[in-house]
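Enquirer: fold the following.
(one chain, ligands or ions: 2)
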Amino acid sequence: MTAFAFNSTSSILVGAGNINQLADQCANLGITKALIVTDAGIVSLGLHKAALESFNRAGLPCCVYSDVEADPTEGIVDTCLSYARSENIDGVIGLGGGSSMDVAKLIAVLKGSNQPLSEMYGIDQLKGKRLPLIQVPTTAGTGSEVTPISIITTGETTKAGIVSSQLLPDLALLDPMLTIGLPSHVTAATGIDAMVHAIEAYTSKIKKNPYSDMLAREALALLSANIEVAVKQGSNIEARAAMMLGATMAGQAFANAPVAAVHALAYPLGGHFHIPHGLSNSLVLPHVMRFNVSSVAGLYAELAPIIAPSISEKGIDDEKISENIIAYMEGLIADLGLPATLKSTGIEADHLPMLASAAMEQQRLLQNNPREVKLEDALSIYQAAFE
Ligand SMILES: NC(=O)c1ccc[n+]([C@@H]2O[C@H](COP(=O)([O-])OP(=O)(O)OC[C@H]3O[C@@H](n4cnc5c(N)ncnc54)[C@H](O)[C@@H]3O)[C@@H](O)[C@H]2O)c1
Ligand SMILES: [Fe+2]
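Expert: Ligands and ions are numbered 1, 2, ... in the order given. Next comes the predicted model:
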């Protein structure tokens, strides 16, 4: 067996109503004043209230920073850090989707560190320890609660990742009740993002390993069986719980067997056209899968019965099974009501060469792709996704 490493969040609590024990969990970690990092949407829905009530009951001080925006910028990290320093907090909670959780991770590191944010990008560049950190996801998508990654918008159009083991939180607190009100289009896009994490982890070129495989398969089983119900019957708590657990398992998988060309081609769509992360992935997924078939048809064929138990595999080869599963994913994306073409999101044909060049800058991700992606390949994939 090839040598490998597997790391994850050391404690994961799963259960409806878990949010009510947030303050107790903070106290267990020795936190005496907590900062909740979240966004205005979460606050306007009142999703932070149960958390605040738990702090009141426990008599533990807590303050809230709620100005995180989707695809958070360095400026947001800076203002949140100033607030954290002015309040002299000693523990951080990320409450929200990937955007809030990614900012929370960095605040937990930056609060006690003199290292500038600009020196943290890349792999294992972080110096110093972090404050106690709890992540509470409110989308079933990014898996940020179990990844050592924070994704920050670094310029007008670019995103960059900070990858370091210090960014794994002490605790991921999963409460599916928090996702009951997630709008259907966000449920769909973030759910496809989670499925992409599992698919890309399972086909990841360099670090794929038995644990990541096991988690990717189980994640896909949960996500595939529940995504349509979660999108169409948002208050179905069983479906919401399965999606949340599936997204976390997919996060554990790709934290150790990293994502590849789907994400590399998705990031420029977010950077240049502000297309949400999950939808960006959904738009390019079938086309990157088609490009990869010649390298990983056998692996796609292994995933096919997990994703779509109804698809018959009898008497057909792995390439044909792969084609069927890609067509199934296209049908699922359409059924969930997500746009299927770049054109329908306002992107023009003239933009594609620029997007292909931007995708080539994501070498951190492209090196994990099972088939080498050259500039002309990235352009062909965008052209296939265009209309
Ligand atoms: N750290 C990682 O490992 C990792 C992995 C993938 C993506 N990301 C990053 O995560 C970000 C995307 O995160 P996301 O897709 O979770 O979305 P998000 O955090 O950007 O939130 C999107 C919107 O959904 C709303 N929302 C969140 N939860 C809700 C709820 N329960 N009910 C109603 N509305 C709710 C938010 O208010 C926000 O307006 C991107 O910046 C992406 O780059 C990080
Ligand atoms: Fe993702």
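Enquirer: which secondary structure element is home to residue 382?
Expert: According to DSSP states H and E, residue 382 maps onto helix 375-386.
Enquirer: and that helix, which residues are buried?
Expert: When burial is assessed from 16 or more other CB atoms under 10 Å, helix 375-386 yields the following buried residues: 377, 378, 379, 380, 381, 382, 384, 385, 386. Heads up, the C-betas are built off the backbone N, CA and C, glycines and all.
Enquirer: which helices and strands sit right next to that helix?
Expert: helix 261-273, helix 277-307, helix 352-360 (3 or more CB pairs under 8 Å, 6 or more residues apart in numbering; DSSP states H and E).
Enquirer: tell me the contacts of residue 57?
Expert: Residue 57 sits next to residue 23 when contact means CB atoms under 8 Å, 6 or more residues apart in numbering.
Enquirer: in which helix or strand does it reside?
Expert: helix 49-58.
Enquirer: tell me the helix or strand right after that helix.
Expert: Defined by DSSP H and E, the subsequent element after helix 49-58 is strand 62-68.
Enquirer: and the contacts of that next one?
Expert: Applying CB under 8 Å, 6+ apart, the external contacts of strand 62-68 come out as 23, 26, 33-40, 42-43, 48, 51-52, 55, 76, 79-80, 83-84, 87, 89, 96, 99-100, 103.
Enquirer: which PyMOL command selects the buried ones in those?
Expert: Applying 16+ other CB under 10 Å to the contacts of strand 62-68, the buried members can be selected in PyMOL as follows:
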select buried, resi 23+26+34+35+36+37+38+39+42+43+48+51+52+55+76+80+83+84+87+89+96+99+100+103
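Enquirer: for the residue nearest to residue 10 when sequence neighbours are not counted, give me phi and psi.
Expert: Closest residue to residue 10 apart from its sequence neighbours, by CB to CB, 6 or more residues apart in numbering: residue 170 at 6.6 Å. As for residue 170, its main-chain torsions (degrees, to the nearest 10) stand at phi -70, psi -30.
Enquirer: now swap in residue 155 and tell me
Expert: Per degrees, to the nearest 10, the backbone of residue 155 is at phi -150, psi -160.
Enquirer: okay, the closest residue to ligand 1 within the stretch 151-300 of the chain: pLDDT?
Expert: Closest contact between the stretch 151-300 of the chain and ligand 1, by CB to the nearest ligand atom, is at residue 151 (3.6 Å). Looking at residue 151, its pLDDT is 92.
Enquirer: could you do the one 4 residues further on as well?
Expert: On the pLDDT scale, residue 155 is placed at 83.
Enquirer: what's the burial count for it?
Expert: Applying other CB atoms under 10 Å, we find 10 other residues in the vicinity of residue 155.
Enquirer: interface residues of the chain facing ligand 1?
Expert: For the chain, the residues in contact with ligand 1 (CB under 6 Å from any ligand atom) are 39, 41-42, 45, 47, 70-71, 96-100, 102, 138-139, 141-144, 147, 149-151, 178-179, 181-182, 186, 190, 277-278.
Enquirer: which of the residues you listed are buried?
Expert: Counted by 16+ other CB under 10 Å, the residues of the chain next to ligand 1 give 39, 41-42, 47, 70-71, 96-100, 102, 138-139, 141-144, 147, 149-151, 178-179, 182, 186, 190, 277-278 as buried.
Enquirer: ok, the residue of the chain positioned farthest from its centre to residue 308 distance?
Expert: Here the chain reaches farthest from its C-alpha mean at residue 315, the gap being 36.4 Å by CA atoms, centre = their mean. Distance, residue 315 to residue 308, by CB to CB, to the nearest Å: 17 Å.
Enquirer: helix or strand: which one has the residue most central in space within the chain?
Expert: Nearest residue to the geometric centre of the chain (CA atoms, centre = their mean): residue 142, 1.7 Å. According to DSSP H and E, residue 142 maps onto no helix or strand at all.
Enquirer: that one against residue 244, yeah?
Expert: No - at 11.7 Å, residue 142 does not count as touching residue 244 under the criterion of CB atoms under 8 Å.
Enquirer: quick one, strands of the stretch 1-150 of the chain?
Expert: Using DSSP state E, counting those that start in this stretch, the strands of the stretch 1-150 of the chain run over 11-14, 34-39, 62-68, 91-96, 122-123, 133-137, 149-153.
Enquirer: burial measure for residue 159, as a count.
Expert: Neighbours of residue 159 (other CB under 10 Å): 18.
Enquirer: now swap in residue 294 and tell me
Expert: Using other CB under 10 Å, residue 294 has 11 other residues around it.
Enquirer: ok, residue 78 next?
Expert: For residue 78, using other CB under 10 Å, the count is 12.
Enquirer: can you read off the pLDDT for the nearest residue to it once chain neighbours are set aside?
Expert: Closest residue to residue 78 in three dimensions, ignoring its sequence neighbours and counting by CB to CB, 6+ apart: residue 117, at 7.6 Å. Here, the pLDDT recorded for residue 117 equals 94.
Enquirer: try the one 5 residues further on
Expert: Per-residue confidence (pLDDT) for residue 122: 91.
Enquirer: show me what contacts it?
Expert: 161, 162, 163, 364.
Enquirer: so which of those residues sit within strands?
Expert: 161, 162, 163 (DSSP state E).
Enquirer: roughly how far apart are residue 345 and residue 255?
Expert: Counting by CB to CB - residue 345 and residue 255 are separated by 29 Å.
Enquirer: more neighbours: which of these two?
Expert: Taking other CB under 10 Å, residue 345 and residue 255 do not tie; residue 255 has more neighbours (27 against 15).
Enquirer: pretty sure that one sits against residue 142.
Expert: No - between residue 255 and residue 142 there is no contact under CB under 8 Å: 10.9 Å.
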